[in-house]
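Engineer: Sequence plus predicted model, see below.
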Amino acid sequence: MASPTRETPSKARAPRARQRRGEGQWALGYREPLNPNERSKKDDNPLNVRARIENIYAHRGFDAIDPGDLRGRFRWFGLYTQRKPGIDGGRTATLEPEELDDRYFMLRVRLDGGVLSTEQLSVLGEISQTHARDTADITDRQNIQYHWIQIEDVPTIWDKLEKAGMTTMEACGDSPRVILGSPVAGIAADEIIDGTPAIEEIKRRFIGDPRYANLPRKFKTAVSGLPDVAHEIHDVAFVGVNHPEHGPGFDVWVGGGLSTNPMIGQRLGAWVPRDEVPDVWEGVISVFRDYGYRRLRARARIKFLVKDWGAAKFRQVLEDEYLKRKLIDGPAPEVPAVPIDHVGVHRQVDGKFYVGAAPVAGRVSGGTLLAVAKAAERAGSQRVRLTPQQKLVVLDVPEAEIGGLQAELAELGLQSDPSPWRRGVMACTGLEFCKLAIVETKARAQQLVAELESRLADIQGELDTPVSVHLNGCPNSCARVQTADIGLKGQIVTDDDGKQVEGFQVHLGGGLGLDAGFGRKLRGHKVTATELTGYVERVVRAYIAGREPGERFPQWLLRADESVLQ
């Protein structure tokens, strides 16, 4: 037998390529759960939790709730425990979930497309007053969000909602969440195509279907004949476009999202007729279900898969493995010159008008919802819409009734001719109720708007479009801080006296549409909560003083000296 020989350095074996760990993709054979969330979903389909809520927890109370249901499966029916009062933001990351949990719940009502009749709006108001201490927030997902909900009341609330044609099913969780749609679908003069039939068909066929109730993470959809639903930051979006040969249809985008790894969605370059949107939607969500990354929750959104694959491969897999046909190539949608928020008075295609009004950061109440329903009915309307900008729109208003409706809405704190600050502010739930939050947002937004209206009254008329200011209580960006003119991400910061206080990391110049992209994060620049109004005032005054004619805030920001942004 030949004696072993030692390799010379010149013939040394090349280092073996490091094998990439599996990402937990079902389609590649990784079916075993790789984290507690995946195990929980495998143990029991989350949709089954409704029966336990109705038959057990509503009768036995909060202490009877299984922890796996409480902090997991409840979300599939819109339920999260809210934050226990008195816990400051500096302790958010140091406490265990059970230490943060209050015995009350936040509850989201799923309102696809933000569609409401005045009768449904009245039901939402009554539920708020009876079961939620008069709380109600309009979210940037076109939902209504309640607080102070007791588990004992949940079956009664569901009964009231469902009798009125509403639901909380899959309002949260690793599921297909509420579908955003244009608040003025079917009535806007410049709408390319009405997406409502596609939204309704997706709801009918797929929402509540166990096949799509166990996704790697949440799945956000937008369908609109107008570019008014932030389509660039959705998991899948269908945007109205005219094909030169086939006419009105939808352009398909995939892989958008924000949070701590923001990404702009990618166009598949495919044109889809309206009646095929549900099938293509099913194909996209199936790709995500089967190929999505389930090993690490931080990489489980579809945007990471699209980033790794690219749009071309994603489209190929969608066509070859799921649709079993090729999609039609199509053009990109037009980009709006200014953001569309539907605030103000606008003529409909039928000659009537819609009136869009702005609460501050979506904060309303049950009493407000009831009063809006009555005001709309007095004006001859039976239809109301919620917007992706935390606003409210009354449809079908006769011209003669516009002034009276505007006056009634204004008395309720809903202004249809608001200041740029009221119009451009958004805020997440924040420290008041959210267990992830580090700072207060809703009350701070109210204060910020009032102070800016006073301090910037002299230049208010010089703003061609509102400068958007978005406040978020943590890094998760529920209020889209990266796509705001001035985005404020909540943090604990050190003030001039060396104390740890509430504050914000500043993002400047983000946007969608013409300015699609993420804000400029100034190196190490943070602002304390008490300094916030002064900081926003300084930056806005610098913009007004230094801009070129017609220059938008994000354009000016690209060339602004950092000294004027501090």
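Structural biologist: In hand now; what should we look at? Treat the numbers as computed from the prediction; the structure is a model and nothing was measured.

Engineer: C-alpha only now, for contacts and for neighbours.
Structural biologist: Will do.

Engineer: Quick one: mean pLDDT over the one helix or strand Leu370 maps to.
Structural biologist: Using DSSP states H and E, Leu370 maps to helix 366-378. In this model, helix 366-378 carries a mean pLDDT of 98.

Engineer: ok, and what's touching that helix?
Structural biologist: With C-alpha atoms under 8 Å, 6 or more residues apart in numbering as the test, helix 366-378 has contacts from 118-119, 121-129, 134-136, 382-384, 394, 405, 408-409, 412.

Engineer: Now that helix: buried residues?
Structural biologist: The neighbour-count check on helix 366-378 (16 or more other C-alpha atoms under 10 Å) flags Gly366, Gly367, Thr368, Leu369, Leu370, Ala371, Val372, Ala373, Lys374, Ala375, Ala376, Glu377 as buried.

Engineer: cool, stretch 493-511 as well?
Structural biologist: 493, 495, 501-511.

Engineer: wouldn't Ser182 be in contact with His231 here?
Structural biologist: No - at 10.8 Å, Ser182 and His231 do not qualify as touching, with contact defined as C-alpha atoms under 8 Å.

Engineer: Include distance to Gly247 when you put the buried residues of helix 366-378 into TSV, please.
Structural biologist: Listed next are the buried residues of helix 366-378 as TSV, based on distance: C-alpha to C-alpha, whole Å:
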residue	distance to Gly247
Gly366	43
Gly367	45
Thr368	42
Leu369	39
Leu370	41
Ala371	42
Val372	38
Ala373	37
Lys374	40
Ala375	39
Ala376	36
Glu377	37
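
Engineer: farthest pair in those residues?
Structural biologist: Gly366 and Glu377 (16.9 Å; C-alpha to C-alpha).

Engineer: Poorly predicted segments of the stretch 1-150 of the chain, please.
Structural biologist: The model of the stretch 1-150 of the chain has pLDDT under 70 over residues 1-21.

Engineer: Which stretches in it count as helices?
Structural biologist: With helices called from DSSP state H, counting those that start in this stretch, the stretch 1-150 of the chain shows them at 36-43, 49-52, 58-60, 67-70, 97-100, 118-131.

Engineer: For Asp159, which of these is the nearest?
Structural biologist: Nearest to Asp159 among the helices of the stretch 1-150 of the chain is helix 118-131; the distance by C-alpha to C-alpha comes to 10.8 Å.

Engineer: roughly how far out does that closest one sit from the chain middle?
Structural biologist: Distance, stretch centre to chain centre, for helix 118-131: 23 Å (C-alpha atoms, centre = their mean, to the nearest Å).

Engineer: between that helix and helix 366-378, what angle do the directions make?
Structural biologist: Interaxial angle, helix 118-131 versus helix 366-378 (axes from the mean of the first three to the mean of the last three C-alpha atoms, to 10 degrees): 160 degrees.

Engineer: Tell me how far the closest residue to Ser259 other than its chain neighbours lies from Asp174.
Structural biologist: Closest residue in space to Ser259, ignoring its immediate chain neighbours: Asn476 at 4.2 Å, by C-alpha to C-alpha, 6 or more residues apart in numbering. In this view, Asn476 and Asp174 are 16 Å apart by C-alpha to C-alpha, to the nearest Å.

Engineer: what about these two, which has more around it?
Structural biologist: Comparing Asn476 with Asp174 by other C-alpha atoms under 10 Å, the one with more neighbours is Asp174, at 25 against 19.

Engineer: Where does that one sit: helix, strand or coil?
Structural biologist: coil (DSSP: H, G, I helix; E, B strand; the rest coil).

Engineer: any idea how far Arg297 is from it?
Structural biologist: Relative to Arg297, and taking C-alpha to C-alpha, Asp174 is found at 11 Å.

Engineer: Could you pull out the residues contacting both of the two?
Structural biologist: Pro216, Arg217.

Engineer: What segments of the stretch 301-450 of the chain are strands?
Structural biologist: 328-329, 344-347, 353-357, 363-365, 383-386, 392-397, 425-427 (DSSP state E, counting those that start in this stretch).

Engineer: Pick the most buried one from the ones you listed.
Structural biologist: Comparing these by mean neighbour count (mean count of other C-alpha atoms under 10 Å), strand 425-427 ranks first with a mean of 30.

Engineer: Distance check, Lys526 against Tyr535.
Structural biologist: Per C-alpha to C-alpha, Lys526 is found 10 Å from Tyr535.

Engineer: Tell me which of these two has more neighbours.
Structural biologist: Ranked by neighbour count (other C-alpha under 10 Å), Lys526 and Tyr535 place Lys526 first, with 24 against 15.

Engineer: and after the helix or strand hosting the more buried one, which helix or strand comes next?
Structural biologist: Lys526 belongs to strand 520-528 when assigned by DSSP H and E. Once strand 520-528 ends, the next helix or strand along the chain (criterion: DSSP H and E) is helix 532-546.

Engineer: Can you give me the buried ones in that next one?
Structural biologist: Going by neighbour count (16+ other C-alpha under 10 Å), the buried part of helix 532-546 is Leu532, Thr533, Val536, Val539, Val540, Tyr543, Ile544.

Engineer: Just the residues contacting that helix, thanks.
Structural biologist: With contact meaning C-alpha under 8 Å, 6+ apart, helix 532-546 is reached by 448, 451-452, 455-456, 459, 462-463, 467, 486, 527, 553, 556, 564-566.

Engineer: so where's the protein shaky on pLDDT?
Structural biologist: In the chain, residues with pLDDT under 70: 1-21, 522-524.

Engineer: What ranges does the stretch 301-450 of the chain have for its helices?
Structural biologist: For the stretch 301-450 of the chain, the helices defined by DSSP H, counting those that start in this stretch cover 302-309, 311-317, 366-378, 402-411, 420-424, 442-455.

Engineer: Just give me how far the second one sits from the chain centre.
Structural biologist: Translated: helix 311-317. 26 Å.

Engineer: and that helix, what does it pack onto?
Structural biologist: strand 266-272 (3 or more C-alpha pairs under 8 Å, 6 or more residues apart in numbering; DSSP states H and E).

Engineer: what's the spacing between the strand it packs on and its chain's center?
Structural biologist: 22 Å.

Engineer: Walk me through which strands that strand pairs with, and which way each runs.
Structural biologist: Using DSSP bridges, strand 266-272 pairs in its sheet with strand 247-254 (antiparallel), strand 328-329 (antiparallel).

Engineer: Give me the distance between the residue nearest to the spatial centre of the chain and Val123.
Structural biologist: By C-alpha atoms, centre = their mean, the chain has its centre lying nearest to Arg141, at 4.6 Å. Using C-alpha to C-alpha, one gets 20 Å for the distance from Arg141 to Val123.

Engineer: same thing with Leu557?
Structural biologist: The value you get for Leu557 to Val123, if C-alpha to C-alpha is used, is 45 Å.

Engineer: surely Tyr354 meets Glu401?
Structural biologist: No - counting by C-alpha under 8 Å, Tyr354 sits too far from Glu401 to count as a contact (10.9 Å).

Engineer: any residues in contact with both of the two?
Structural biologist: Here Tyr354 and Glu401 share no contacting residue, scored by C-alpha under 8 Å, 6+ apart.

Engineer: and Asp101, how many neighbours?
Structural biologist: 20.

Engineer: Any idea what it is bridged to?
Structural biologist: With DSSP bridges as the rule, Asp101 is bridged to Arg83.

Engineer: those helices in the stretch 151-300 of the chain, which residues are they?
Structural biologist: Secondary structure of the stretch 151-300 of the chain, counting by DSSP H, counting those that start in this stretch: helices at 154-163, 196-206, 277-291.

Engineer: Of the helices of the stretch 1-150 of the chain, which is nearest Asp190?
Structural biologist: Comparing those against Asp190 with C-alpha to C-alpha, the closest turns out to be helix 118-131 (25.2 Å).

Engineer: List the buried residues of that closest one.
Structural biologist: 118-129, 131.

Engineer: Turn the residues you listed into CSV, including distance to His246.
Structural biologist: Shown next, in CSV, are the buried residues of helix 118-131 (distance: C-alpha to C-alpha, whole Å):
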residue, distance to His246
Thr118, 37
Glu119, 39
Gln120, 37
Leu121, 38
Ser122, 42
Val123, 42
Leu124, 41
Gly125, 44
Glu126, 47
Ile127, 46
Ser128, 46
Gln129, 50
His131, 50
